[in-house]
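Q: any chance you could fold what I've pasted below:
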Amino acid sequence: MARQKKQIETEKERPVITNGDEAGLKPVSTIDTIVISAGLVLLFFLLYSLERLISPFLIMGTIIFLLYPLRDNAVAKNIMVLSITLFLLWFLVTIESILSPFILSLFLAYLFHPIVTKMETALKMPRWTSAVFIICISIALVIVLLVLGLPHIIAQFEGILLAIGTISTQFVEWVLDGRFIRVMQKYGISMEQLRGMLTNTIAPRVEDILKGILKGTFGIVNGLQVLVSGIVNIVIIPFLTFFLLKDFPLVRYRMKMMVPRKRRIQSVLFYHRVDEILGRYIRGTTIIAIFDAFAVSTGLWVIGIQYPLVLGILSGMLFFIPYFGFITILCVSAFVASLSMGALALPVISTVSFLGVLHIVENYILTPKIIGGKIGLHPVVLILSLFIFGYFLGFIGLLIAIPAAAIIIVSIKEWEMNRKKELRQEDDPSL
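A: Next comes the predicted model:
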């Protein structure tokens, strides 16, 4: 009796095996498979017939609609993540012109955030009052610089472009009248051939190259002129900067809360490392670049070089590009100096000497005191990053190459530290 009772209890505990209908899951029949396949074929035909209406939004919605029910599957999840990433990249590139004032406002807020914070703590001023004060001072300085400097900048820039044509003609005449002719004649090149080659080939190419370099270098001036003419940007950028400055701690907090909890502490530490590098480099380099522009303009004006204002602004912009920036401004200034006076050697030597001394002062005295140290990039990595970012993004890429490369290096070091920590924990679980 006891044995029968035990057998009955065992049968009760045994799981009940049901078919698909009893479990509430309808089995997929052959007819259903044929219908689903036909529906997919018709869907592809429909998409093909609506080729003109297909957009990334429609494709993204279709991917999410089809794969979201299978989100627990690793492959489907990876496809959705990749699709969302590519869609966001496309979306950001598409609305790049719309985001420009927001990106500029965010950069200005990041640049002025320490000043506003110091005014808030040291002077006991409300944060919004400090933000209004900083923005008003910045707007006043920009207006003064535009009203007083923009006409002179445009006039001097046009003067440089007009002088290039004259210089190329003078270069041809100098070559034809000098010792260079006699050397070429010894190798069987006649004066008529040399004149035709210089006049029709070399001189136009040199002129086009110089004009292209100057126009490309000073293209940002035209960009500023377009920016000034955009009434919407002029109005909206100060307002956006004010609200971002006023709520900068809140913005930073919200961004931190968007990170998953298990990654939050690690992300905050990474942000502080990146913020230290970016803040030290961007703010410090901006201060030295402003000083460099003022010093170069003043120094070249005292020496007597033409177009000192344009050369000073160019030097300030190129200060963000290590090595190549200094070499470029040195060559351009020496070229312009050769136009300034009758004696060729004196203005060129004075200009090169002045820029060399200024470069030494900025890199070995001002940079350690203001920035506080090097950004931590090996010269080979630094030059490689300049080439790569410059190739893909042009002049803007050269400007952002150093901080971007530094962030990449910090990310790699962070990954290496976490990987070593995981390996140590695997070897010794007590850690």
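Q: spatially, which residue comes closest to L67, not counting chain neighbours?
A: Counting by CB to CB, 6 or more residues apart in numbering, L67 lies nearest to A76, which is 4.5 Å off, once chain neighbours are set aside. C-betas here are computed from N, CA, C, even on glycine.
Q: what is the helix or strand encompassing the one you found packed up against?
A: A76 belongs to helix 74-94 when assigned by DSSP states H and E. Applying 3 or more CB pairs under 8 Å, 6 or more residues apart in numbering; DSSP states H and E, we find helix 74-94 packed against helix 56-67.
Q: between the helix it packs on and helix 74-94, how big is the angle?
A: If you take axes from the mean of the first three to the mean of the last three CA atoms, to 10 degrees, helix 56-67 sits at 170 degrees to helix 74-94.
Q: coming back round to it: how near is the residue nearest to L67 to L58?
A: Distance of A76 to L58, given as CB to CB, to the nearest Å: 19 Å.
Q: about what we covered before: how many residues are close by the residue nearest to L67?
A: Using other CB atoms under 10 Å, A76 is surrounded by 16 other residues.
Q: touching, it and L70? I think so.
A: Yes. Contact criterion CB atoms under 8 Å: A76 and L70 qualify, at 4.1 Å.
Q: from the structure, what's the count of residues near F242?
A: F242 has 19 neighbours, counted by other CB under 10 Å.
Q: which stretch of helix or strand covers it?
A: Secondary structure from DSSP H and E places F242 in helix 231-246.
Q: what lies in contact with the helix or strand following that helix?
A: Using DSSP H and E, the helix or strand that directly follows helix 231-246 along the chain is helix 248-257. Contacts with helix 248-257, where a contact means CB atoms under 8 Å, 6 or more residues apart in numbering, come from 109-110, 113, 116, 244, 264, 267-268, 271.
Q: same question, stretch 288-298
A: For stretch 288-298, contacts defined as CB under 8 Å, 6+ apart pick out 308-309, 311-313, 315-317, 319-320, 329, 333, 355, 358, 362, 366-367, 370-371.
Q: over to stretch 303-312?
A: 149, 152-153, 156-157, 159-160, 218, 292-301, 329, 332-333, 336-337, 339-341, 347, 350-351, 354.
Q: got the CA coordinates for that stretch in CSV?
A: Extracted in CSV, the C-alpha atoms of stretch 303-312 (Å, rounded to 0.1, in the frame of the first residue of the first chain):
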residue,chain,number,x,y,z
ILE,A,303,59.4,95.2,-38.3
GLY,A,304,57.6,96.8,-41.2
ILE,A,305,56.2,93.7,-42.9
GLN,A,306,53.1,94.1,-45.0
TYR,A,307,49.8,92.4,-44.1
PRO,A,308,50.7,91.9,-40.4
LEU,A,309,47.0,91.4,-39.3
VAL,A,310,46.3,88.6,-41.7
LEU,A,311,49.6,86.9,-40.8
GLY,A,312,48.9,87.2,-37.1
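Q: residues of it that come out buried?
A: 303, 305-312 (16 or more other CB atoms under 10 Å).
Q: so which of the residues you listed is the closest to V93?
A: Proximity of those to V93 (CB to CB) peaks at V310, which lies at 32.6 Å.
Q: just give the nearest non-adjacent residue to the closest one, would you?
A: For V310, ignoring the flanking residues on the chain, the nearest one in space by CB to CB, 6+ apart is Q156 at 4.3 Å.
Q: quick check: mean pLDDT of the helix or strand encompassing L141?
A: Secondary structure from DSSP H and E places L141 in helix 127-177. Over the span of helix 127-177, the pLDDT mean works out to 76.
Q: what's around Q425, how many residues?
A: For Q425, the neighbour count with other CB under 10 Å is 11.
Q: distance from the chain centre to the helix or strand containing it, please.
A: Element membership for Q425, per DSSP H and E: helix 379-427. Relative to the centre of its chain, helix 379-427 is centred 14 Å away, using CA atoms, centre = their mean, to the nearest Å.
Q: tell me how many other residues surround L123.
A: L123: 10 surrounding residues under other CB under 10 Å.
Q: look up phi and psi at it.
A: Reported as degrees, to the nearest 10, the phi and psi values for L123 are phi -100, psi 0.
Q: what does the one 3 residues further on give?
A: When quoted as degrees, to the nearest 10, the phi and psi of P126 stand at phi -60, psi 150.
Q: helix or strand: which one has the residue nearest to it when sequence neighbours are not counted?
A: Leaving out its chain neighbours, the residue that sits closest to P126 by CB to CB, 6+ apart is E120, at 7.3 Å. Taking DSSP H and E as the criterion, E120 maps to helix 96-122.
Q: show the pLDDT at T217.
A: Listed pLDDT for T217 reads 49.
Q: again with the one 10 residues further on
A: L227 is assigned a predicted lDDT (pLDDT) of 47.
Q: quick one on the thing from earlier: separation between the residue nearest to V310 and V142?
A: Per CB to CB, Q156 is found 20 Å from V142.
Q: and these two? which has more neighbours close in?
A: The neighbour count for Q156 versus V142, taken as other CB under 10 Å, is higher for Q156 (17 against 14).
Q: test my guess that R273 contacts I409.
A: No. Between R273 and I409 there is no contact, the gap being 10.4 Å when judged by CB under 8 Å.
Q: ok, the residue nearest to V310 to L58 distance?
A: According to CB to CB, Q156 and L58 sit 52 Å apart.
Q: ok, now I402?
A: Applying CB to CB, the value for I402 to L58 is 40 Å.
Q: higher neighbour count, these two?
A: Each of I402 and L58 has its neighbours counted (other CB under 10 Å); I402 has more, 22 against 12.
Q: ok, the more buried one touching L382?
A: Yes. Contact status for I402 versus L382: in contact at 6.7 Å, counting by CB under 8 Å.
Q: got any residues that touch both of the two?
A: Common neighbours of I402 and L382, using CB under 8 Å, 6+ apart, are P322.
Q: how is the chain divided into domains?
A: Annotated domains of the chain cover 32-93, 100-258 [automatic domain parsing].
Q: lowest average pLDDT across those?
A: Mean pLDDT values for the domains of the chain show the minimum at domain 100-258, a mean of 72.
Q: what about stretch 44-56, start to end distance?
A: From its first residue to its last, stretch 44-56 covers 16 Å (CA to CA, to the nearest Å).
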